[in-house]
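A.B. asks: next one to model:
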Amino acid sequence: MIYIKSDSEIDAMRRAGRITGETLAMLEEEVKPQVTTAYLDKIAEEYIIKAGAKPSFKGLYGFPASLCISVNEEVVHGIPGSRVLQEGDIVSVDCGAYYQGFHGDATRTFPVGKISSEAQRLIDVTRQSFFEGVKYALVGNRIGDIGNAVQTYVEKNGFTVVKDYVGHGIGRKMHEEPSVPNYGKKNRGPKLVKGMAIAIEPMVNAGDCRVKELNNGWTVVTLDGKPSAHYENTIAILDNGPEILTLI
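C.D. replies: Reported below is the predicted structural model:
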């Protein structure tokens, strides 16, 4: 069942989204060579709590940290720890904040120091694919219109879309209906109506689209070992067009 939010609930989601976006903006300044992923997790948790919110991911389905931090070939659900970031890495940081009953959810992929031109292009295409998709997040359109736009843009640029993991509805729960794939056909899937809130989150691989989960039960990596990038925002579907709640 898709839960339609009232105007006041969307307003609450704006606050949760702002905290999420501000946390990622703060982290962008901290992502640099020789920093550990555990350090990023620690300062994010402190920032979210100081803002009066709670980290959405900590304890969600048993996840042990406040951020999902995925480096290079890691696609999603990387667990922060002692890993030290190195010059040339790319690091995807997935952040959620729970504030006054509602969640915000967003991801950015950051360069670590100087990176290759191809890695930068992967980050740029992934980010732009989100904006290509959000153009179709309009009342009366369908979920498939979003995914089709993301997939078309990604593949036109020579990359592949991860199909095993998708975006989602969001609100009082982090993951609600509907699923929001980053691929698909136009005019398919649930119709978008005012008051829906969704997380659109392209996960884009430099090589093959196939992925696998590591033995830790969380971290997902590309099957071919090539890098992956991830970009996500929480969106409210409104009569005057989509509002990106986590973009600062």
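
A.B. asks: what about Pro111, neighbour count?
C.D. replies: 18 (other CB atoms under 10 Å). All C-beta spots, glycine's among them, are computed from the backbone N, C-alpha and C.

A.B. asks: sorry, slip of the keys, the one I care about is Pro178.
C.D. replies: 19.

A.B. asks: Asn205 too?
C.D. replies: Neighbours around Asn205, by other CB under 10 Å: 24.

A.B. asks: correct me, but it touches Lys163?
C.D. replies: No. The pair Asn205 / Lys163 is not scored as a contact, 10.3 Å apart, by CB atoms under 8 Å.

A.B. asks: what residues does Asp224 make contact with?
C.D. replies: For Asp224, the contacting residues are Gly207, Asp208, Arg210, by CB atoms under 8 Å, 6 or more residues apart in numbering.

A.B. asks: ok but Tyr47 is inside a helix, no?
C.D. replies: Yes. According to DSSP: H, G, I helix; E, B strand; the rest coil, Tyr47 belongs to a helix.

A.B. asks: got the contact list for it?
C.D. replies: Glu22, Thr23, Met26.

A.B. asks: what's the burial count for Gly59?
C.D. replies: 12.

A.B. asks: list the beta-bridge partners for Asn205.
C.D. replies: Thr160, Ser228 (DSSP bridges).

A.B. asks: next, work out how far apart it and Lys226 are.
C.D. replies: Distance, Asn205 to Lys226, using CB to CB, to the nearest Å: 6 Å.

A.B. asks: what does Thr36 give?
C.D. replies: Counting by CB to CB - Thr36 and Lys226 are separated by 24 Å.

A.B. asks: repeat that for Asn141.
C.D. replies: 33 Å.

A.B. asks: same question, Met13
C.D. replies: 35 Å.

A.B. asks: which of the two has more neighbours?
C.D. replies: Met13 (27 against 16).

A.B. asks: how about the nearest residue to that one once chain neighbours are set aside, what does it touch?
C.D. replies: Among residues not flanking Met13 along the chain, Phe102 sits closest, at 4.7 Å (CB to CB, 6 or more residues apart in numbering). Counting by CB under 8 Å, 6+ apart, Phe102 touches Glu9, Ala12, Met13, Arg15, Ala16, Gly171, Arg172.
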